[in-house]
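Enquirer: generate coordinates for the sequence data below:
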Amino acid sequence: MKQSPNHPPTQPRNGHKVSQRGLLSIAMLLVSVGALGIAMVGGAKMVLDVLNGVSEGIAASVIVIGLAYAVGWLTAMVAIRVYGNLVLPILITWFTWVCLAAICYLYVEILERMYMQPPEFGKFIKYLTVMGAGLGALVGLHLIVENHDLRPFSIPLLIISLIQLGMIVYRYVFDQPVNAGFLWKDLVFFFAMTGFSIFTLAHIGILEPLRTRLTNYFDRNSTAIRMQD
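Expert: Down below sits the predicted model:
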């Protein structure tokens, strides 16, 4: 059927136009959540292996888990700081609480094993390493969301640190026989965890320079990174 010369061809309405920026924002949200979820599941499996004394392939596990976390972290930063995704900050906050719960569980499990004073120095190093990795992941998630307050996360860690102090006193005063040479390991772990918790609770701005640098970088380059509709 021929179109009437008095009626031009119908043009698509602007409301039906697909936003490329919106599609990229959704795509990066899915990639970020998927990569961070994979990293957390893999990290949980690696932690269980370390607690059960499995040492084969730990280095390779750290590399691939770190890669998944880096992909999720970077895509989350771009989705939030460049494309203004409003859903991802809520999901990242949930991930942060899940990470804290995993750290608390790991902390308690490590304390239970250290109470038995294992003689292997390698186990102590693994305990410090996995705990440091967990705290690093928590701080990384904290940096993604602007104006995120990390102080409430220090409270459960301080409570467990107090429990650890009580266990140390009981172990070396009331529970005999005891290996006095293991004391320095208990103290290193205690001061490391307590120091992290106190710095987090004090909120003295140690991470602010890094957060400011990240914010300034994305403010300068957001126009060049994101696609224009």
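Enquirer: distance from the strand or helix carrying Ile38 to the middle of the chain?
Expert: Assigning secondary structure by DSSP states H and E places Ile38 in helix 20-51. How far helix 20-51 lies from its chain's middle: 10 Å, per Cα atoms, centre = their mean, to the nearest Å.
Enquirer: pull out the buried residues from it.
Expert: Within helix 20-51, the residues that count as buried by 16 or more other Cβ atoms under 10 Å are 24-26, 28-29, 31-33, 35-36, 38-40, 42-43, 46-47, 49-51. Backbone N, C-alpha and C define where each C-beta goes, glycine included.
Enquirer: repeat for stretch 64-81
Expert: Here stretch 64-81 shows 65-66, 68-69, 71-73, 75-81 as buried, counting by 16+ other Cβ under 10 Å.
Enquirer: as a whole number, average confidence for the helix or strand containing Ser61?
Expert: Following DSSP H and E, the helix or strand that holds Ser61 is helix 58-81. Averaged across helix 58-81, pLDDT comes to 90.
Enquirer: coming back round to it: against which helices or strands is the helix holding Ile38 packed?
Expert: Packing partners of helix 20-51 (3 or more Cβ pairs under 8 Å, 6 or more residues apart in numbering; DSSP states H and E): helix 58-81, helix 88-115, helix 121-144.
Enquirer: list the residues that contact the residue most central in space within the chain.
Expert: What sits nearest the mean C-alpha location of the chain, by Cα atoms, centre = their mean, is Ala137, with 3.0 Å. Each residue near Ala137 by Cβ atoms under 8 Å, 6 or more residues apart in numbering is listed here: 39, 43, 69, 99.
Enquirer: contacting residues around the second one?
Expert: When you say that, I think you mean Gly43. Shown in contact with Gly43 (Cβ under 8 Å, 6+ apart): 65, 69, 102, 133-134, 137.
Enquirer: can I get those in TSV including distance to Tyr170?
Expert: Formatted as TSV, these follow (distance: Cβ to Cβ, whole Å):
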residue	distance to Tyr170
Ile65	35
Tyr69	37
Ala102	26
Ala133	29
Gly134	26
Ala137	31
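Enquirer: nearest to Pro156 among these?
Expert: Distance to Pro156, by Cβ to Cβ, is smallest for Ala102 among the contacts of Gly43, at 11.7 Å.
Enquirer: how far does the helix holding Ser61 sit from its chain's centre?
Expert: With Cα atoms, centre = their mean, you get 10 Å for helix 58-81.
Enquirer: list the helices and strands that helix packs on?
Expert: helix 20-51, helix 88-115, helix 121-144, helix 208-225.
Enquirer: Provide the contact partners of that helix at residue level.
Expert: So helix 58-81 is contacted by 25, 28-29, 31-39, 42-43, 45-46, 49-50, 85, 88-89, 92, 126, 133, 137, 140-141, 144-146, 214-215, 218-219, 222, 225 (Cβ under 8 Å, 6+ apart).
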